[in-house]
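1. output the structure for:
(one chain, ligands or ions: 1)
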Amino acid sequence: MNPSNYLKIKDKIPSNVKILAVSKGFSSHEIKTIQNIGQNDFGESKFQEAFAKQLILKDFNQINWHFIGKLQSNKLRKIVQNFEFIHSVDSFEKLQKISHVSFEENKNPFIMLQVKLGDDPNKGGFNPDLLRLKWGEIQELKNIRLSGLMTINPRGLSSKENLELFKKCRSLADSFQLPDCSMGMSGDWREAVEAGATWLRLGSLIFGDRS
Ligand SMILES: *Cc1c(COP(=O)(O)O)cnc(C)c1O
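-> Modelled structure (predicted):
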């Protein structure tokens, strides 16, 4: 991993778009290297792996931890205790549980709701119609800060298809007056920026290939 990669990427990304450095598969040492040159937001997708690094990095108070992986119900409390942001809330039931647990733990995490816009059977998320239907109830939930929507595009799309799906995510977020769209990864971040992403989730582009 070469820190100058990070600086080069950062240079290409408009300054109003935030970078989430996805550190899954990489060590606390590599996180420190990037943190040292100004990156404070790190994304992880597995609780156990993340927690081991969080313990090592517990004195790095500037780091904001973002959970971006599949949310298992039996890990929700630990995720709420240890992450400031959760990008991958894919059902109303999990959102309710997060709200409840956050209240008990005296937390108030930033939340992005994962929406399913393409038809990839491997990717979860709210169906947009269901989200509209539940919107009233969602807004009533306490101890969560709903900041936006998150989406993961299916693999293998053309640049134009990626752009179309990202635009759908942006307009859906706008319709709910949500500021954030967490969308775009190493392979499709340009389209995401064009469509109005506010968080790019970049792993391999920053850290190199995961072994
Ligand atoms: C791994 C992962 C990323 C980063 O992927 P790269 O292609 O390495 O940039 C982004 N979002 C989610 C949800 C991931 O699991």
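2. could I get the phi/psi values of residue 43?
-> When read as degrees, to the nearest 10, the backbone of residue 43 gives phi -110, psi 140.
3. what sits against it?
-> 20, 21, 22, 23, 24, 66, 67, 68, 87, 201, 203 (C-beta atoms under 8 Å, 6 or more residues apart in numbering). Yep, even glycine has a C-beta here, placed from its N, CA and C like the rest.
4. now residue 84. Nearest residue, chain neighbours left out?
-> The spatial neighbour of residue 84 that comes closest, neighbours along the chain excluded (C-beta to C-beta, 6 or more residues apart in numbering), is residue 64 at 4.9 Å.
5. tell me the contacts of the one you found?
-> Listed by C-beta under 8 Å, 6+ apart, the contact set of residue 64 reads 40, 41, 42, 84, 85.
6. thinking again about what came up before, could you list which of the contacts of residue 43 also contact the ligand?
-> Among the contacts of residue 43, proximity to the ligand is found for 22, 24, 68, 201, 203 (C-beta under 6 Å from any ligand atom).
7. that's a strand at the fourth one, yeah?
-> Think residue 201. Yes: counting by DSSP: H, G, I helix; E, B strand; the rest coil, residue 201 is found in a strand.
8. in strands, which of the contacts of residue 43 fall?
-> 20, 21, 22, 66, 67, 87, 201 (DSSP state E).
9. hang on, the earlier thing: for the residue nearest to residue 84, give the beta-bridge partners.
-> Judged by DSSP bridges, the bridge partners of residue 64 are residue 41.
10. how about the residues of this protein by the ligand?
-> Checking the chain against the ligand by C-beta under 6 Å from any ligand atom, the hits are 22, 24, 45, 68, 152, 185-187, 201-205.
11. tabulate those (a markdown table), appending pLDDT.
-> Below are these laid out as a markdown table (pLDDT from 0 to 100):
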| residue | pLDDT |
| --- | --- |
| 22 | 98 |
| 24 | 97 |
| 45 | 98 |
| 68 | 98 |
| 152 | 96 |
| 185 | 98 |
| 186 | 96 |
| 187 | 96 |
| 201 | 98 |
| 202 | 98 |
| 203 | 97 |
| 204 | 95 |
| 205 | 95 |
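12. most surrounded residue in the residues you listed?
-> Highest neighbour count within the residues of the chain next to the ligand, by other C-beta atoms under 10 Å: residue 68, with 27 neighbours.
13. got the contact list for it?
-> 20, 22, 43, 44, 45, 87, 88, 150, 182, 201.
14. and the spatially closest residue to the fifth one that is not a sequence neighbour, what pLDDT?
-> If I follow you right, that is residue 45. Computed as C-beta to C-beta, 6+ apart, the closest residue to residue 45 that is not its neighbour in sequence is residue 69, at 2.9 Å. Predicted confidence (pLDDT) for residue 69: 98.
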